[in-house]
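Asker: What shape does this take:
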Amino acid sequence: MKEINPYNILKELSFERLAGSENEKKAADIIVTNLKNFGLKVKRERFDVNTFDTGKGKLTIDNKEYEVIPYGLNTDCRIEAEFLFLENPEILRYNKGRYRNKIVASFGFSRTIQEYIQEQGLAAFISIGKPEREASSSSHRQKTYEDGFINSATMSYDDGVKISKLHGKTAVLEISQQVAKRKATNLIVDIAGSDPDDNLTYLVAHYDSVARSPGASDNGGGTVSLIKVAEYFVKNRPKRNLRLIFFSGEELGLLGSQYYVKKYEEEVKKQGSLVINIDVSGDPLGADRVIVTGSRELLGYSRGILLEEDLCMNHSLDIYSSDQMPFARLELPGISIARFAGKGSFHIHTPNDSIDRVSNNGLNKPIEAAITLLNRILNAEIYPVRREIDTSLRDKIEKYFWNLTFEKPTLEWTPKYKQ
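Answerer: Numbering: from 1, shown residues only. Model prediction:
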């Protein structure tokens with residue numbers, strides 16, 4: 001069989017892939033076809049998701065129209081109100097009630113600000129994006145959509161500069177966007193070990209994209225990396241079992257991975273030993289990173305193994321906002337591999353995260369890193385990873401899930417005395 005070229009598969013996946021959409025199904029078919037060519041069987045597992053068809057929006061102030069990008073899950077609206085510009089959205093935290101029923105715009109946004117936007121009862125919120133980029137796509141979370149949300153949109157930096165001078169004017173925000181409950185699909189494939197024990201190692205990536213973006217680096221690059229790793233281990237059968245999962249709904253709040261961990265909680269608790277996640281990849285020139293959400297022992301182990309194989313990647317002990325995080329809730333350690341700082345990753349979540357900004361060379365290092373780590377782990381005489389996450393990360397993980405779901409998270413942590 002001819003060896004696959006991951007960049008060619010990435011070309012096939014170069015289109016918007018919203019969770020639950022027809023394009024998501026098209027992407028899933030491309031992935032499945034490539035995996036079946038290796039003789040692998042793929043399980044499609046569907047789950048409910050609130051999703052949307054890509055909409056459009058505009059903000060009118062002083063008889064001038066500015067394009068805005070509606071948040072995902074934002075339904076149709078027409079809002080007329082006083083417009084206010086805030087230099088820093090953190091101001092919402094302090095001036096309680098000052099901005100009720102106003103259309104507020106600010107440079108920058110974080111999920112920690114979301115609750116203050118809700119509490120203040122704004123008429124609408126406009127997040128102004130970063131310079132030299134098109135306006136990015138974002139989304140309301142599932143819970144805020146169901147419980148009630150503040151109408152929101154993003155805007156380009158250049159237009160943000162213009163409207164920042166129109167503080168106090170009357171503005172009209174109009175959004176047109178269809179929201180629906182649909183089914184999204186995770187893809188699960190097992191590569192059976194030649195001499196397995198009960199350790200189950202996961203290799204994961206998300207294949208959905210945000211609205212308006214072909215998602216070449218985020219996360220088409222991670223998706224084709226998993227296919228390439230699958231090809232390697234079909235040809236070089238490991239001793240232990242390997243499970244690959246292509247998640248959907250990551251861009252709407254890690255929905256596919258949250259669904260999987262909840263449904264297979266006993267499996268993750270009893271057999272799960274490590275999850276490796278590839279998210280953002282393909283920059284021709286970039287910084288290769290490995291983020292270990294685990295123990296300091298695992299951090300050193302990963303760094304040392306990769307250095308032995310001439311893979312000098314920046315390592316850190318931290319959390320990373322992607323599909324390994326739901327596994328961390330059950331104290332399953334994770335390793336996230338990513339390649340940042342190039343043109344593709346600079347433009348993530350915009351229409352410019354496109355195939356012309358990534359390359360085969362940019363895909364190679366994350367693929368090599370995943371194969372190198374998995375080769376050592378899956379074929380070791382003694383499974384070399386302890387189920388442990390450094391206690392210094394616990395507060396970060398808890399805070400992360402509060403901001404992800406807007407609900408109290410359940411963390412199952414080994415008591416310190418047992419560690």
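Asker: Spatially, what comes nearest to residue 204 if we skip its sequence neighbours?
Answerer: Spatial nearest neighbour of residue 204, chain neighbours left out: residue 245 (4.6 Å); criterion: Cβ to Cβ, 6 or more residues apart in numbering. In short, each C-beta sits where N, CA and C put it, glycine included.
Asker: same thing with residue 9?
Answerer: Per Cβ to Cβ, 6+ apart, closest to residue 9 is residue 224, 4.6 Å.
Asker: picking up where we left off before, any idea how far the residue nearest to residue 204 is from residue 203?
Answerer: Noted for residue 245: a distance of 8 Å to residue 203, by Cβ to Cβ, to the nearest Å.
Asker: Let me see the ranges of the helices in the stretch 51-200 of the chain.
Answerer: All helices of the stretch 51-200 of the chain, identified by DSSP state H, counting those that start in this stretch, fall at 91-94, 111-120, 142-147, 157-163.
Asker: For the longest one, report the contacting residues that lie outside it.
Answerer: Residues external to helix 111-120 that are found in contact with it (Cβ atoms under 8 Å, 6 or more residues apart in numbering): 89-90, 92-93, 96-100, 125, 141, 144, 148-150, 152, 403-404, 406.
Asker: residues of it that come out buried?
Answerer: Across helix 111-120, burial judged by 16 or more other Cβ atoms under 10 Å covers 113-114, 116-118, 120.
Asker: for the third one, same thing?
Answerer: Taking 16+ other Cβ under 10 Å as the basis for neighbour counts, the residues of helix 142-147 that come out buried are 142, 144-145.
Asker: Alpha carbons of that helix, in PDB - could you do that?
Answerer: Extracted C-alpha coordinates of helix 142-147, given in PDB (Å, rounded to 0.1, in the frame of the first residue of the first chain):
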ATOM      1  CA  GLN A 142     -24.700  25.100  25.500                       C
ATOM      2  CA  LYS A 143     -25.900  26.100  29.000                       C
ATOM      3  CA  THR A 144     -26.000  29.800  28.300                       C
ATOM      4  CA  TYR A 145     -27.900  29.200  25.100                       C
ATOM      5  CA  GLU A 146     -30.500  27.100  27.000                       C
ATOM      6  CA  ASP A 147     -30.700  29.300  30.100                       C
END
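Asker: quick one on the thing from earlier: residues in contact with the residue nearest to residue 204?
Answerer: Residue 245 touches 186-189, 202-204, 257, 260, 323, counting by Cβ under 8 Å, 6+ apart.
Asker: So which of those residues is surrounded by the most neighbours?
Answerer: Counting neighbours by other Cβ atoms under 10 Å, residue 323 leads those with 31 neighbours.
Asker: State the pLDDT value of the nearest residue to it once chain neighbours are set aside.
Answerer: Nearest residue to residue 323, sequence neighbours excluded (Cβ to Cβ, 6+ apart): residue 257, at 3.9 Å. Per-residue pLDDT puts residue 257 at 98.
Asker: Look up how far residue 395 lies from residue 257.
Answerer: Distance, residue 257 to residue 395, using Cβ to Cβ: 21 Å.
Asker: What is the neighbour count of residue 95?
Answerer: The local packing of residue 95 (other Cβ under 10 Å) involves 11 other residues.
Asker: hmm, I was thinking of residue 384
Answerer: Using other Cβ under 10 Å, residue 384 has 14 other residues around it.
Asker: Residue 313 now?
Answerer: For residue 313, using other Cβ under 10 Å, the count is 19.
Asker: Return the residue spatially closest to it, with its sequence-adjacent residues excluded.
Answerer: Sequence neighbours aside, residue 288 is the residue nearest to residue 313 in space, at 4.2 Å (criterion: Cβ to Cβ, 6+ apart).
Asker: Beyond the helix or strand where the one you found lies, next helix or strand please.
Answerer: Under the criterion of DSSP states H and E, residue 288 resides in strand 287-293. Per DSSP H and E, the first helix or strand lying C-terminal to strand 287-293 is helix 296-308.
Asker: Need the residues that contact that following helix.
Answerer: With Cβ under 8 Å, 6+ apart, helix 296-308 has contacts from 290, 292, 312-313, 315-317, 333, 335, 369, 372-373, 376, 384-386, 388, 390.
Asker: 10 Å instead, please
Answerer: 274, 276, 288, 290-295, 311-318, 333-335, 337, 365, 368-369, 372-373, 375-377, 384-386, 388-390, 392 (Cβ atoms under 10 Å, 6 or more residues apart in numbering).
Asker: the helices in the stretch 251-400 of the chain, which residues?
Answerer: Secondary structure of the stretch 251-400 of the chain by DSSP H, counting those that start in this stretch: the helices cover 255-263, 265-270, 296-308, 325-328, 343-346, 360-379, 394-405.
Asker: Just send those helices back as CSV, with distance to residue 134 too.
Answerer: Formatted as CSV, the helices of the stretch 251-400 of the chain follow (distance: least, Cβ to Cβ, whole Å):
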stretch, distance to residue 134
helix 255-263, 25
helix 265-270, 38
helix 296-308, 35
helix 325-328, 27
helix 343-346, 11
helix 360-379, 21
helix 394-405, 25
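Asker: Specify the stretch among the ones you listed that is closest to residue 193.
Answerer: Nearest to residue 193, of all the helices of the stretch 251-400 of the chain, is helix 360-379, at 6.8 Å by Cβ to Cβ.
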